[in-house]
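Visitor: 3D, please:
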Amino acid sequence: MSSAETGRRHLIGAGLGVLAAALAGCGGGSGPVFRLRLATGPAGGPYNAFGQALARALADSGSPLRIVPVTTAASVDNLRRLDEGSVDLALSMADVAEDAAAGREPFARPAPVTALARVYVNYTHLLVPAAGPARSVTDLAGRPLAAGAAGSGVQVLAGRLLSTAGLTTGPSAADERQLGLAESAAALRAGTVDAVFWSGGVPTPALTGLARELPLRFLPLDGYAGALRDRYGPVYTAVTLPAGAYGLSAPVGTVGVANYLLARADVPADAAGDLLRVVFDRRHDLLREVTAGVRLEPRFAISTGRVPLHPGAVAHYRSVYG
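Guide: You can find the predicted model right below:
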């Protein structure tokens with residue numbers, strides 16, 4: 001790394017988060033407005049919807065804090081931006097956040113990431129046309145499938161599931177294609193892929209719409225939860241896609257992974273506390289923007305695994321729960 005790059009990173013790490021929080025503007029109140037940049041996800045996706053809803057909630061709350069949502073490729077991209085200091089806050093799937101905190105692949109070194117809250121759980125969807133032959137992951141050997149957009153947490157989880165199932169090397173390797181949710185749905189509809197991976201709330205509106213056009217089968221994944229936990233850690237759990245969602249006649253077992261709201265460690269503690277007060281006061285409204293089927297449970301908010309809580313989050317939870 002050059003001396004200029006080292007200097008740039010030092011300045012970012014030492015103060016960019018604080019400086020970003022201290023950008024003064026002319027809000028509706030008499031005091032300054034403080035802005036934090038939040039890395040979300042692609043336009044139209046659940047992270048982007050959550051970020052936009054959070055920005056509106058803060059603007060309506062009377063707090064001097066403002067959130068500026070930043071459109072990104074989602075989890076991996078968000079953690080890289082958080083590390084380099086171009087954003088102050090980020091949304092991420094828990095597995096990717098823990099990889100970043102530990103400096104595991106795809107991250108070259110530990111990132112200065114802390115958690116504000118565990119916000120809701122993603123359900124892994126692996127869907128195929130109902131008229132097709134695939135009834136299990138192993139039936140996808142050698143077949144083209146949409147495995148999430150580049151830089152997304154979906155891509156990470158899809159790769160791990162396929163690896164666990166033995167479908168990443170040799171003649172059985174699936175043909176993984178980097179496609180976002182809208183592109184994935186279009187490709188399945190057109191028949192250019194045989195399966196789609198997605199990780200999100202239930203129901204995910206885009207998949208509900210797809211199921212109205214194309215009868216779908218959701219492949220069971222819960223049998224892989226234990227192997228994923230053994231290999232990658234306890235962020236993975238067995239959960240169930242409920243009967244009725246997407247027209248399912250019976251529940252389908254799958255893999256769940258939490259989502260975290262993250263911050264750089266240098267975000268001011270009082271800003272973190274203000275943000276969390278609004279998150280919990282408006283949690284039902286915020287998650288309605290993502291999908292009607294997800295819930296933010298305050299009792300699980302501090303369950304952020306190996307990602308340490310931000311000092312402002314610790315102070316907030318102590319003030320609320322003692």
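Visitor: show the pLDDT at the closest residue to P234 other than its chain neighbours.
Guide: Once flanking residues are discounted, P234 sits nearest to G305: 7.0 Å by Cβ to Cβ, 6 or more residues apart in numbering. All C-beta spots, glycine's among them, are computed from the backbone N, C-alpha and C. If you check G305, the pLDDT there is 95.
Visitor: and G28, by the same measure?
Guide: According to the prediction, G28 has pLDDT 44.
Visitor: re earlier: for the residue nearest to P234, the count of nearby residues, please.
Guide: By other Cβ atoms under 10 Å, 17 other residues sit near G305.
Visitor: tell me where the protein has helices.
Guide: Taking DSSP state H, the helices of the chain run over residues 3-11, 17-21, 46-61, 75-84, 94-102, 153-164, 181-190, 205-213, 225-232, 269-281, 283-290, 311-321.
Visitor: sorry, back to before: ok, the residue nearest to P234 to V193 distance?
Guide: 32 Å (Cβ to Cβ, to the nearest Å).
Visitor: likewise H284?
Guide: With distances taken as Cβ to Cβ, H284 is found 36 Å from V193.
Visitor: thinking again about what came up before, which one, of the helices of the chain, ends up nearest to R109?
Guide: Of all these, helix 75-84 sits nearest to R109, with 8.5 Å by Cβ to Cβ.
Visitor: buried set for the closest one?
Guide: Neighbour counts over helix 75-84 (16 or more other Cβ atoms under 10 Å) mark S75, V76, D77, N78, L79, R80, R81, L82, D83 as buried.
Visitor: avg pLDDT for it?
Guide: What helix 75-84 shows for mean pLDDT is 96.
Visitor: please apply the same query to stretch 247-258.
Guide: For stretch 247-258, the mean pLDDT works out to 97.
Visitor: returning to that earlier point: want to throw the helices of the chain into TSV with distance to A250?
Guide: Output for the helices of the chain, formatted as TSV (distance: least, Cβ to Cβ, whole Å):
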stretch	distance to A250
helix 3-11	52
helix 17-21	48
helix 46-61	25
helix 75-84	31
helix 94-102	28
helix 153-164	21
helix 181-190	22
helix 205-213	15
helix 225-232	19
helix 269-281	35
helix 283-290	25
helix 311-321	39
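Visitor: what residues are up against the closest residue to P220 other than its chain neighbours?
Guide: Leaving aside its sequence neighbours, P220 sits nearest to G253 (Cβ to Cβ, 6+ apart; 5.0 Å). Applying Cβ atoms under 8 Å, 6 or more residues apart in numbering to G253 gives the contacts P220, L221, D222, G223, A238, V239, T240, L241.
Visitor: if you rank the residues you listed by neighbours, which is first?
Guide: Using other Cβ under 10 Å as the neighbour criterion, L221 leads these with 28 neighbours.
Visitor: if I look at the residue nearest to L38 when sequence neighbours are not counted, how far off is L275?
Guide: Nearest non-adjacent residue to L38, counting by Cβ to Cβ, 6+ apart: L89, 4.2 Å away. The gap separating L89 from L275 is 8 Å, by Cβ to Cβ.
Visitor: what do the two both touch?
Guide: Common contact partners of L89 and L275 (Cβ under 8 Å, 6+ apart): L36, I67, L116.
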